[in-house]
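A.B. asks: The following block contains a protein sequence and its predicted model.
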Amino acid sequence: MAGYNVAKEITSMRSHSTRYPRSSWKWILVTILVLLNPQGSILEAQSSSSSLALEPTSIDLGRVGHGDKRLLEFQIINMTKEPVQITSIRPSCGCIKMRPHDVRTPLGPGERRKFQFVLSLGRGWGAFSKKVEVLIGNLPVVRLPVLANFHPTVRPSSRDLVLSTSTAGPTAGSSQILELTQSGTTAPPTIEKLKSSAPHFKVRLLDPKGNRARIEVTATEGIARGRFVGQIDGLCNGLPFIMPIRGRAFGLVVHQPQSWNLNQVSQSGFAESTLKLRRADGKALKVLASSLELTRSPTGLDISFAMQSLDDGSVEIRAYIADPFPTTAGGIYGKLKLTLDTGESKPLVVDLLGVIRIRSNR
């Protein structure tokens, strides 16, 4: 634009305005704006959502197992004759990590640029669908679908194994059977190379039942007291599978559930959920005293506890929500401390949680 006097040109047009119809004025003004804004060519190229193409248009990994990582790539292609400025590239999930890439430099006319990302395959079962989004200013987002199918036709009886054991001896919850059911056939899935993440988790392949493979997992007595986590893994129909393990190693006294959830409470009276205590050695148990420390609860919540000794020597505890019932909804979280006749110096502590819900007709 060197030597071009825009102001002079506008003055000249005003002095001869009778020569131009109104429609010509619009064309002239647009021309002047383009001359004043040399970046207009990039913006103009982005006025259409078809300015970019992705290759491939989607990534489908097909059958996959658990825990793998894949390095994948795609290309962004500028389909126009002008530069296109990419705003950002945004994965829809934390399992997708983009490798270092350049979006500051505009994509030249007809240019192809390669981008790579690492996909971490978790422990899902069934269809997997995520995407990588390419953003260009205010234009519609261009998406690259990333698809897979974890262990197609196979479904587990649970998504994790919850076990319990005791330092005083085996408990009823120390073993659990995982079933893997294969649909569309009468044959069970093929299970191979089973192993556990630690010696105190024992894993054993049982005889199948129909189209169900059966795996027994046991937490042994050698686990230190407190919460524990782990996993078993192996091959299911030739694909890696992982099943998480979590639970608690108790002392002399075992309680179920491990955390006492009152669930949703909408009226005064006894909550449906109960807590059961028993000695691992089978002897009768007695609760001498109890106290509740609430760290979060709606204003006015009053909870007391009723103890009942059962014929098998265990104790069942029920929670009673007193009147007046709270007028505001909110979460419940606290710790129930129980003094027992076991001779242990410290009380047994059980997490207590739930939600107060206000009914509309109250």
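C.D. replies: It's in.

A.B. asks: doesn't Gly247 make contact with Asp160?
C.D. replies: No: checked against Cβ atoms under 8 Å, the pair Asp160 and Gly247 is beyond contact range at 9.7 Å. For glycine as for every other residue, the C-beta is placed from the backbone atoms N, C-alpha and C.

A.B. asks: more crowded one of those two?
C.D. replies: Taking other Cβ atoms under 10 Å, Asp160 and Gly247 do not tie; Gly247 has more neighbours (22 against 16).

A.B. asks: give the contact list for the more buried one.
C.D. replies: Neighbouring residues of Gly247 by Cβ atoms under 8 Å, 6 or more residues apart in numbering: 161-165, 173, 219, 227-228, 258.

A.B. asks: rerun at 10 Å
C.D. replies: 160-165, 173-174, 176, 201, 219, 223, 227-230, 258 (Cβ atoms under 10 Å, 6 or more residues apart in numbering).

A.B. asks: quick one on the thing from earlier: now do the shared contacts for Asp160 and Gly247.
C.D. replies: Common neighbours of Asp160 and Gly247 (Cβ under 10 Å, 6+ apart) are 176, 229.

A.B. asks: Do a quick rundown of the helices in the protein.
C.D. replies: Taking DSSP state H as the test, the helices found in the chain are 6-15, 22-36, 40-45.

A.B. asks: Now tell me which of these the model trusts least on average.
C.D. replies: Mean pLDDT is lowest for helix 40-45 among these, at a mean of 38.

A.B. asks: Flag the shaky bits of this protein, pLDDT-wise.
C.D. replies: 1-50, 169-170, 361-362 (pLDDT under 70).

A.B. asks: That one - how does it break down into domains?
C.D. replies: Domains of the chain are assigned by automatic domain parsing as 6-38, 49-150, 156-250, 253-356.

A.B. asks: Tell me how far Gly122 lies from Val217.
C.D. replies: Look at Gly122 and Val217: by Cβ to Cβ, to the nearest Å, they are 20 Å apart.

A.B. asks: Looking at these two, which is more packed in?
C.D. replies: Set Gly122 next to Val217 and count neighbours by other Cβ under 10 Å: Val217 wins out with 22 against 12.

A.B. asks: was I right about that one contacting Ser175?
C.D. replies: Yes: between Val217 and Ser175 there is a contact under Cβ atoms under 10 Å: 6.9 Å.

A.B. asks: which neighbours do the two share?
C.D. replies: In terms of Cβ under 10 Å, 6+ apart, Val217 and Ser175 are both contacted by the residues 161, 163, 202, 204.

A.B. asks: and those as CSV, adding neighbour count?
C.D. replies: Formatted as CSV, the shared contacts of Val217 and Ser175 follow (neighbours: other Cβ atoms under 10 Å):
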residue, neighbour count
Leu161, 24
Leu163, 23
Lys202, 14
Arg204, 12
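
A.B. asks: Now flag whichever of these is closest to Lys276.
C.D. replies: The shortest gap between Lys276 and any of the shared contacts of Val217 and Ser175 belongs to Leu163, at 16.8 Å (Cβ to Cβ).

A.B. asks: how about that closest one, what does it touch?
C.D. replies: 171, 173-176, 201, 217-219, 223, 228, 230, 245-249, 258.

A.B. asks: Taking these, please make a ChimeraX selection of just the buried ones.
C.D. replies: The buried residues among the contacts of Leu163 can be selected in ChimeraX (16 or more other Cβ atoms under 10 Å) with this line:
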select :171,173,174,175,176,201,217,218,219,223,228,230,245,247,248,249,258
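
A.B. asks: So which of the contacts of Leu163 are in strands?
C.D. replies: Under the assignment DSSP state E, the contacts of Leu163 contribute 175-176, 201, 217-219, 228, 230, 245-249 to strands.
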